[in-house]
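Visitor: coordinates only, no sequence provided:
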């Protein structure tokens, strides 16, 4: 059905698309903010639906909403939570800083849908009924926390655990492969490839632990604080009861935050979580960058590793294959750093957080959830399309170890630093290996030189 209908809000009449479930306030916001074309996103809208559903259940238990109306709101909110009504959420990310427009978008959609579900034919009011006991100022930050905590638990942590497991498996597979280490991108003492990959697996494992801390902080919600944290117009125990229902529904231990004034006036938990996400991005970027170096070549680079060929690498050079998966992961890391910078700016006094309210919440929520989604997807792709298919060129690794001047380091305890430096200089000048120079000069007997220059023994246990 095309055309428009007239709807009223406190500011007067507004044209609303005839088939839309939302009302005047949503239409007004859609008209006011034609900024990015980015809606708030599935995770956030889903969390908003869960909160509205839980609020209606609590209000029903308290006798503040009659049974049939509450049941209709609960059913309509479930449709929002499930994603069935995502097309009705049309407000841009860059809107009112409190997210009031998106809160009213949800209130209007749920009210309209619940009114249609009511057998009595009564009207559900978006403010009086759907928003009962709530304010945008406690609902929107609560939705930020719920959406982020659930996305981390259900998507990002499993993706990182899968990546960590794949890296640990490669660490075992490559444990006997000795390669030359590199510091400052210059030849260093030998290291086992398995040790290198075990380090990557440990980095990912530490990231998962830090994400657990982020979820713990995000699980504290300001719901029940209403406008400024005092809880005006919310019944006693409302927030606690809503959190209990959210915990049951999501499996995340949501509780009311210890101090609603802190939790509503600032976005400290979001800043902390974003910092952890930035760290996760940097971990993935470092691992991807290292692997990209080790596969470089294949003939004129390091060439120690070989990765699965995923697509042609050049429109002009036939046969060229690039490390495209690594490059994708590195770009995600860059984007996540950008998301964190936007969140930090939004949390700064004078920019976002002012007195009793942060006024950059939609933008912060969008960046937080974007970072989580990108990292989860990148980790899955990195695991499936790169890590599990990595192979090692053992001959190349052995060749580079033998040619390395850093092998002389193992001689220092026997002949001293200065004498070892002279051997390294001679090897470089004459184009020989450390072993060749030692044997020619009779520095030690051949057996002892072989023992000292055994690369595997230099890598520890």
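Guide: Noted; the coordinates are in hand. Computed from a predicted structure; not experimentally measured. Numbers count the residues shown, from 1 in each chain.

Visitor: what does residue 178 show for phi and psi?
Guide: Main-chain torsions, residue 178, degrees, to the nearest 10: phi -90, psi 130.

Visitor: mind listing what the closest residue to it other than its chain neighbours touches?
Guide: Closest residue to residue 178 apart from its sequence neighbours, by C-beta to C-beta, 6 or more residues apart in numbering: residue 455 at 4.6 Å. Where C-beta positions appear, they are placed from N, C-alpha and C, glycine not excepted. By C-beta atoms under 8 Å, 6 or more residues apart in numbering, the contact set of residue 455 is 178, 190, 401-402, 407.

Visitor: which SSE is the residue nearest to residue 441 when sequence neighbours are not counted in?
Guide: Residue nearest to residue 441 in three dimensions, not counting chain neighbours: residue 423, with 7.4 Å by C-beta to C-beta, 6+ apart. Taking DSSP states H and E as the criterion, residue 423 maps to helix 417-430.

Visitor: buried set for the helix or strand just after that helix?
Guide: The helix or strand immediately downstream of helix 417-430 is helix 434-441, counting by DSSP H and E. For helix 434-441, burial by neighbour count (16 or more other C-beta atoms under 10 Å) applies to 434-435, 437-439.

Visitor: helix or strand: which one has the residue sitting nearest the centre point of the chain?
Guide: Per C-alpha atoms, centre = their mean, the C-alpha nearest to the average position across the chain is that of residue 372, at 2.6 Å. Residue 372 belongs to helix 361-385 when elements are defined using DSSP H and E.

Visitor: contact partners of stretch 107-122?
Guide: Against stretch 107-122 from outside (C-beta under 8 Å, 6+ apart): 21-23, 25-26, 49, 52, 68-69, 72-73, 75-77, 79-80, 85, 88-89, 123-127, 129-131.

Visitor: report the buried members of the residues you listed.
Guide: Using 16+ other C-beta under 10 Å, the buried ones in the contacts of stretch 107-122 are 21-23, 25-26, 49, 52, 69, 72-73, 75-77, 79-80, 85, 88-89, 124-126, 129-131.

Visitor: out of those, which sit inside helices?
Guide: Secondary structure from DSSP state H places 25-26, 49, 52, 69, 72-73, 75-77, 79-80 of the buried ones among the contacts of stretch 107-122 in helices.

Visitor: wait, which of those is closest to residue 195?
Guide: residue 49 (47.8 Å; C-beta to C-beta).

Visitor: end to end, how far does stretch 403-415 reach?
Guide: End-to-end distance for stretch 403-415: 20 Å, by C-alpha to C-alpha, to the nearest Å.

Visitor: circling back: so what does the helix holding residue 372 touch, helix or strand wise?
Guide: Helices and strands touching helix 361-385, by 3 or more C-beta pairs under 8 Å, 6 or more residues apart in numbering; DSSP states H and E, are helix 42-61, helix 136-151, helix 157-173, helix 268-294, helix 324-346.

Visitor: try 10 Å this time
Guide: helix 42-61, helix 100-117, helix 136-151, helix 157-173, helix 193-218, helix 268-294, helix 324-346 (3 or more C-beta pairs under 10 Å, 6 or more residues apart in numbering; DSSP states H and E).

Visitor: so which of those helices is nearest residue 12?
Guide: Closest among these, using C-beta to C-beta: helix 100-117, at 15.5 Å.

Visitor: for that closest one, buried residues please.
Guide: 100-115, 117.

Visitor: helices or strands up against the lowest-mean-pLDDT helix or strand in the chain?
Guide: Lowest by mean pLDDT, DSSP states H and E among the helices and strands of the chain is strand 353-354, with a mean of 88. Counting contacts by 3+ C-beta pairs under 10 Å, 6+ apart, strand 353-354 packs against no other helix or strand.

Visitor: which residues touch that strand?
Guide: 97, 265-268, 271, 346-348, 359-361 (C-beta atoms under 10 Å, 6 or more residues apart in numbering).

Visitor: buried members of these into PyMOL, please.
Guide: Under the burial definition 16+ other C-beta under 10 Å, those of those that qualify are selected in PyMOL by:
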select buried, resi 97+265+266+267+271+346+347+359+360+361
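
Visitor: farthest pair in the contacts of strand 353-354?
Guide: Most distant of the contacts of strand 353-354, by C-beta to C-beta, are 97 and 268, 16.9 Å apart.

Visitor: distance check, residue 84 against residue 75.
Guide: Computed with C-beta to C-beta, to the nearest Å, the distance linking residue 84 and residue 75 is 11 Å.

Visitor: might you report the residue contacts of the residue nearest to the centre of the chain?
Guide: 43, 147-152, 155-156, 159, 211, 214, 273-274, 277, 280, 336, 339.

Visitor: now do residue 325
Guide: 288, 291-292, 307-308, 310-311, 378, 381-387, 389.

Visitor: go again using 8 Å as the cut-off
Guide: Here residue 325 is in contact with 288, 307, 310, 381-382, 385-386 (C-beta under 8 Å, 6+ apart).

Visitor: distance to residue 173 and pLDDT added to the residues you listed, as a markdown table?
Guide: Below are the contacts of residue 325 laid out as a markdown table (distance: C-beta to C-beta, whole Å; pLDDT from 0 to 100):
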| residue | distance to residue 173 | pLDDT |
| --- | --- | --- |
| 288 | 19 | 98 |
| 307 | 14 | 94 |
| 310 | 21 | 93 |
| 381 | 21 | 98 |
| 382 | 17 | 98 |
| 385 | 18 | 98 |
| 386 | 15 | 98 |
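
Visitor: if we can go back for a sec, which two in the ones in helices among the buried ones among the contacts of stretch 107-122 are spaced the farthest apart?
Guide: Taking C-beta to C-beta, no two of these sit farther apart than 25 and 75, at 22.3 Å.

Visitor: where does the stretch 1-150 of the chain have low pLDDT?
Guide: In the predicted model, the stretch 1-150 of the chain carries pLDDT under 70 at residues 1.

Visitor: in a strand, residue 180, correct?
Guide: Yes. Residue 180 forms part of a strand when assessed by DSSP: H, G, I helix; E, B strand; the rest coil.

Visitor: which strand residues bridge it?
Guide: In this entry, residue 180 is beta-bridged to residue 190, by DSSP bridges.

Visitor: who's in contact with it?
Guide: 187-191, 397, 400-401, 404, 406.
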